[in-house]
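1. sequence and computational prediction follow.
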Amino acid sequence: MLNIGFIACGGIARHHASRLANVRGARIVACADASAQAATSFADEFGTSDAQTYTDYRQMLRRDDVDAVWVCTPTFLHAAPVIAAAKAGKHVFCEKPMAMKHADAKRMAEAVKKAGVRFTMGFVRRFCPEWGKMKQIVQARTLGSPVIWRFAAGGKPPNAWFRDEKKGGGPLLDGAIHNYDFALQMLGPVASVQASSCQFDKTSVGADTASAILNFASGDQHTLIWSWGMAPGAPAASLNDLVGPKGTLQFGMTASEEPKGFDPKTHGAFTFKGAGGKQKVFTFKRRDMFLDQAKHVVAHFDKGEQPLATAADGMAALDVGLAVLKAGKAQRTIKL
């Protein structure tokens, strides 16, 4: 049985806890939040009957019966609790991005290594069957080489710190960190980034809207256009596809005919469209990636083994994100 403590009890913490509730061998025995009310509400909903609450996570870390912690604070507050948990001998699950500064991420990585505890990141897309199928198709050279992964999105997160360049970094750090991590796994190392950023919403601190191009050593590219500064309720067109010399890979079942046995309630699809009207549908079974991530992390922490995403992975994705932010301000190419 893995006894878990939560540090911060907000929205993403509740999201993780709801999945841990369905993982055999895991139980939440403690939680800490600066708001006593938030901690109590969280414990009542997700904790064991005798779960304890704290307003100071350092008191929780003194408990011998806490085996692992889930750090779900805002990004700029990740470093201190991760390092403290490592020194206390606890395994650590940390939400993404790893930190706001490379130096902080490095200190976190060194702390968990020195303590001999396991550390992993909330790179939940690694457990997404949709993105996993995308990686499989791309690496099979179905589209040829090089490929361009195109992505565009808009909207506004509920909390202002997401749009603060010193606390969350905006969409091309906090949001796109999933893209960076997965692109590094799918396409290899990034050679350089280009970006241009601006501010739409006067309540944002720094840029809340940007465009970026990631250039990979392989010759592949990932392009992103993302805004978190749009007017409330304003529609934003979205784009997520891949193009290559052999054709286009579209998210969804867009072929003229569905494959036999395809059920959109239980399965998803990618549609490849190439020269001369060629079409091919790739299907995958839908799964709850957050539940699969929770099962994976609990099983590995319980055995003292390293989960899939490492501190090195967290630092690699962060370095790409920080380079994008730097390039956006300077509006020039940054080499990695």
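-> Okay, I see it.
2. report the backbone C-alpha coordinates of stretch 291-299 in PDB.
-> C-alpha atoms of stretch 291-299 as PDB (Å, rounded to 0.1, in the frame of the first residue of the first chain):
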ATOM      1  CA  LEU A 291      -6.000   6.800 -14.700                       C
ATOM      2  CA  ASP A 292      -3.300   4.900 -16.600                       C
ATOM      3  CA  GLN A 293      -0.700   7.500 -15.400                       C
ATOM      4  CA  ALA A 294      -1.800   7.100 -11.800                       C
ATOM      5  CA  LYS A 295      -1.600   3.300 -12.000                       C
ATOM      6  CA  HIS A 296       1.800   3.400 -13.500                       C
ATOM      7  CA  VAL A 297       3.300   5.900 -11.000                       C
ATOM      8  CA  VAL A 298       1.800   4.100  -8.000                       C
ATOM      9  CA  ALA A 299       3.100   0.700  -9.100                       C
END
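3. helices of the stretch 51-200 of the chain, residue ranges please.
-> Using DSSP state H, counting those that start in this stretch, the helices of the stretch 51-200 of the chain run over 57-60, 79-87, 102-115, 129-139, 177-187.
4. which of these sits closest to Glu258?
-> helix 129-139 (16.4 Å; CB to CB). C-betas here are computed from N, CA, C, even on glycine.
5. in TSV: the helices of the stretch 51-200 of the chain, plus mean pLDDT.
-> Formatted as TSV, the helices of the stretch 51-200 of the chain follow (pLDDT from 0 to 100):
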stretch	mean pLDDT
helix 57-60	98
helix 79-87	98
helix 102-115	98
helix 129-139	98
helix 177-187	98
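6. the ones you listed: which one's closest to Ser196?
-> Per CB to CB, nearest to Ser196 of the helices of the stretch 51-200 of the chain: helix 177-187, 17.4 Å.
7. contact partners of that closest one?
-> 96-97, 121, 123-126, 131, 134-135, 138-139, 147, 149, 151, 190, 214, 216, 218, 220, 222, 224, 309, 313, 316-318, 320-321 (CB atoms under 8 Å, 6 or more residues apart in numbering).
8. among the residues you listed, which are in strands?
-> Met121, Trp149, Phe151, Val190, Leu214, Phe216, His222, Leu224 (DSSP state E).
9. which one of these is nearest to Val69?
-> Met121 (13.7 Å).
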